[in-house]
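**Q** Quick one, fold the following:
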Amino acid sequence: MSNGGIPHMSVELNHTIVHSLNDQESATFLAGLLGLEVGARTGPFIPVNTGNGVTLDYATVPAESITTQHYAFLVSDDVFDAAYARIQEEGITYYADPHRKIVGEINHNHGGRGIYFMDPSGHAMELITKPYGNAE
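**A** Here you go, the predicted structure:
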């Protein structure tokens, strides 16, 4: 598709706002599982920075304002192992599928490993070690 003569520039996701019941709890939950840092509050947001520079900015909102979203994280095998161990230690229910029907199992889609679980505000979280379409 033509860009209409607009000079080409890179496009990167910089940040997204994640509505939560409790911004500190949700930010701490994700950061703790993935070994990330919770940043200092900036206005109404508590940031969690990922390795590729994208920030999840958690914001506390009323429960009726939260729509379940899906967040997928591509992680190394070491991060997956550590997060999986934390999930098991904390008794977090996890699934091999996005429909949450295969409980307590890891999938091996796309030549890697993956799991799904819910965060404290009801968002669907996914950890994968290989990007989709990466058949080996």
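
**Q** Find the residue ranges of the protein scoring beneath the pLDDT cut-off.
**A** For the chain, the stretches flagged by pLDDT under 70 are 1-9, 134-136.

**Q** what are the ranges of the strands in it?
**A** 15-20, 46-49, 55-60, 70-74, 94-95, 114-118, 124-128 (DSSP state E).

**Q** how about TSV for these, with mean neighbour count added?
**A** Placement of C-beta: from N, CA and C, glycine included. Below are the strands of the chain laid out as TSV (neighbours: other Cβ atoms under 10 Å):
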stretch	mean neighbour count
strand 15-20	18
strand 46-49	20
strand 55-60	20
strand 70-74	15
strand 94-95	20
strand 114-118	20
strand 124-128	20
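
**Q** Bridged to Ala59, which residues?
**A** His19 (DSSP bridges).

**Q** Which residues are in contact with it?
**A** Counting by Cβ atoms under 8 Å, 6 or more residues apart in numbering, Ala59 makes contact with 17-20, 23, 44-46.

**Q** Kindly report the same for Thr93.
**A** 103-104, 117-118.

**Q** In contact with the residue nearest to Val61 when sequence neighbours are not counted, which residues?
**A** In this structure, Val61 finds its nearest non-sequential neighbour in His19, 4.5 Å apart by Cβ to Cβ, 6 or more residues apart in numbering. Listed by Cβ under 8 Å, 6+ apart, the contact partners of His19 are 59, 61, 65-67, 121.

**Q** which one among those gets closest to Tyr95?
**A** Top of the list for closeness to Tyr95, among the contacts of His19 and by Cβ to Cβ, is Ser121 at 17.6 Å.

**Q** about what we covered before: can you add distance to Glu37 and give the contacts of Ala59 back as JSON lines?
**A** Listed next are those as JSON lines, based on distance: Cβ to Cβ, whole Å:
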{"residue": "Ile17", "distance to Glu37": "18"}
{"residue": "Val18", "distance to Glu37": "16"}
{"residue": "His19", "distance to Glu37": "21"}
{"residue": "Ser20", "distance to Glu37": "17"}
{"residue": "Asp23", "distance to Glu37": "15"}
{"residue": "Pro44", "distance to Glu37": "19"}
{"residue": "Phe45", "distance to Glu37": "15"}
{"residue": "Ile46", "distance to Glu37": "11"}
